[in-house]
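In: Need coordinates for the following:
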Amino acid sequence: MPASYHSIEDRLNRYQTGLTNARNVPELQSRVALFGYTPDKLNQILSQRQQAFELYLAQKSEYSEQYTATETFDKAWKTAHGAYMRLVRLGRILFRDDHAIFIKLTLNEERKRTFSGWLAQANTFFSNLLADPVVLEQYGQYNTSEDVIKAAKALVDAAEVANIIQAKETGEARQATQDRGAKMEALDKAMSEFYALAELACEDAPDLLDMLDR
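Out: So this is what the prediction gives:
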């Protein structure tokens with residue numbers, strides 16, 4: 001039987017060796033053929049093994065892309081938050097006595113910890129700030145021009161894009177894992193039966209059994 005404690009990579013390598021030897025070594029082939037493992041049948045399982053191997057590689061690639069996307073998103077969010085909070089802190093000083101503007105810019109609210117909540121607050125803040133010439137003028141008097149504010153808003157937009165990409169990569173990595181898992185489950189089952197029958201066919205020939213790399 002396939003050893004469950006072996007890694008996927010190790011099992012795939014062992015399967016390749018065992019199936020190839022069962023097909024190509026005449027004495028071993030003549031024995032396993034008695035239980036239906038003809039060269040054609042073994043080639044079918046080898047093809048199944050190759051599909052599993054390709055899905056294994058695809059899954060590793062998808063998780064690498066997810067890791068990169070997550071790292072990019074985390075950095076983008078951190079950068080955007082820093083620029084955004086500088087404007088929030090300045091606004092809390094400038095408009096501490098103007099209740100209407102304080103509320104309008106959400107300066108009275110604690111910043112949300114989830115990205116979706118944070119993004120909603122940030123978009124409200126920038127939308128209301130950039131639409132109000134009086135508020136912009138107040139910021140401008142403290143070395144914070146409209147261009148500076150728009151640059152901070154662009155960082156928020158970039159974080160949103162990075163979050164969308166990260167979510168996409170996470171979904172693709174999860175799907176790749178499910179695809180690989182389903183294929184490996186079927187392959188492990190097929191190999192479990194193959195090993196059991198091959199052991200029966202070669203019970204008096206341990207040297208042939210060794211070729212299966214169980």
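In: where does residue 132 fall, phi/psi-wise?
Out: Main-chain dihedrals, residue 132, degrees, to the nearest 10: phi -120, psi 100.
In: if I look at it, how far off is residue 149?
Out: For residue 132, the distance to residue 149 equals 11 Å [Cβ to Cβ, to the nearest Å]. No exception for glycine: its C-beta is placed from N, CA and C like everyone else's.
In: What residues of the worst-scoring helix or strand of the chain on mean pLDDT count as buried?
Out: Ranking every helix and strand in the chain by mean pLDDT, DSSP states H and E puts helix 206-210 at the bottom, with a mean of 93. Neighbour-count burial for helix 206-210 flags 208-209 (criterion: 16 or more other Cβ atoms under 10 Å).
In: With only the CA atoms kept, save it in CSV.
Out: Taking C-alpha atoms only, helix 206-210 is exported to CSV below (Å, rounded to 0.1, in the frame of the first residue of the first chain):
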residue,chain,number,x,y,z
PRO,A,206,11.4,-10.4,-3.2
ASP,A,207,14.0,-9.0,-5.7
LEU,A,208,11.1,-8.2,-8.1
LEU,A,209,9.1,-6.6,-5.3
ASP,A,210,12.0,-4.3,-4.6
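In: packing partners for it?
Out: Here helix 206-210 touches helix 26-32, going by 3 or more Cβ pairs under 8 Å, 6 or more residues apart in numbering; DSSP states H and E.
In: which of residue 132 and residue 149 has more neighbours?
Out: Using other Cβ atoms under 10 Å, the more surrounded residue of residue 132 and residue 149 is residue 149, with 21 against 15.
In: contacting residues for the more buried one?
Out: The contact partners of residue 149, by Cβ atoms under 8 Å, 6 or more residues apart in numbering, come to 87, 126, 129-130, 136, 139.
In: I'd like to know which of those are buried.
Out: For the contacts of residue 149, buried by 16+ other Cβ under 10 Å: 87, 126, 129, 139.
In: And the contacts of residue 149, which is closest to residue 111?
Out: residue 87 (12.2 Å; Cβ to Cβ).
In: So the closest one sits against residue 125, correct?
Out: Yes: counting by Cβ atoms under 8 Å, residue 87 does reach residue 125; the two are 7.5 Å apart.
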